[in-house]
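Asker: just coords:
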């Protein structure tokens, strides 16, 4: 079992990802924005992070950069509901535009070398 941190300012989206992840045997921690996510990461062992791009206080790009500095081996999946995501006017080409139900959590965990639950 892996622990996944889900970061999104929409509670319903966090709920959907929680359902998908727990059905696959994973534990889920939640945060409503990047600042809250960093607090969770400092306090808890996490195997992967799934984060929305557009959030208040600290968006997904800034969160990913902070995670890369503090936890360079922690995989981060950046996703968005936007078809053409941008950050500070620049395109964000690595953000997935998928439904929370279509996230490939097992591939994300393989990037970390964490066994996915069978």
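Answerer: Nice, thanks for sending it over. Because the structure is a prediction, the values reported are computed rather than measured. Numbering: from 1, shown residues only.
Asker: contacts, neighbours, all on C-alpha from now
Answerer: OK.
Asker: buried residues in the helix ranked longest in the chain?
Answerer: Using DSSP state H to define each element, the chain has its longest helix at helix 11-23. If you call a residue buried by 16 or more other Cα atoms under 10 Å, then helix 11-23 has these buried ones: 13-15, 17-22.
Asker: And that helix, what does it pack against?
Answerer: strand 3-7, strand 27-31 (3 or more Cα pairs under 8 Å, 6 or more residues apart in numbering; DSSP states H and E).
Asker: Can you list the strands that the first one pairs with?
Answerer: In other words, strand 3-7. strand 27-31 (parallel), strand 48-52 (parallel) (DSSP bridges).
Asker: coming back round to it: measure how the longest helix of the chain sits relative to strand 27-31, angle-wise.
Answerer: 160 degrees (axes from the mean of the first three to the mean of the last three Cα atoms, to 10 degrees).
Asker: sec struct for residue 73, please.
Answerer: At residue 73 the chain is in coil, as set by DSSP: H, G, I helix; E, B strand; the rest coil.
Asker: okay, now it: neighbour count?
Answerer: Neighbourhood size, residue 73 [other Cα atoms under 10 Å]: 14.
Asker: any idea how far it is from residue 64?
Answerer: 12 Å (Cα to Cα, to the nearest Å).
Asker: next one: residue 9
Answerer: If you go by Cα to Cα, the gap between residue 9 and residue 64 works out to 16 Å.
Asker: shaky segments in this structure?
Answerer: 81-118 (pLDDT under 70).
Asker: ok, how many other residues are close to residue 79?
Answerer: 23.
Asker: quick one on the thing from earlier: the strands paired with strand 3-7: which one's closest to residue 60?
Answerer: Residue 60 lies closest to strand 48-52 among these, at 5.6 Å (Cα to Cα).
Asker: Show me what secondary structure element comes after the closest one.
Answerer: With elements assigned by DSSP states H and E, the helix or strand that comes after strand 48-52 is helix 60-70.
Asker: in that following helix, what's buried?
Answerer: Buried residues in helix 60-70 (16+ other Cα under 10 Å): 60-61, 63-64, 67.
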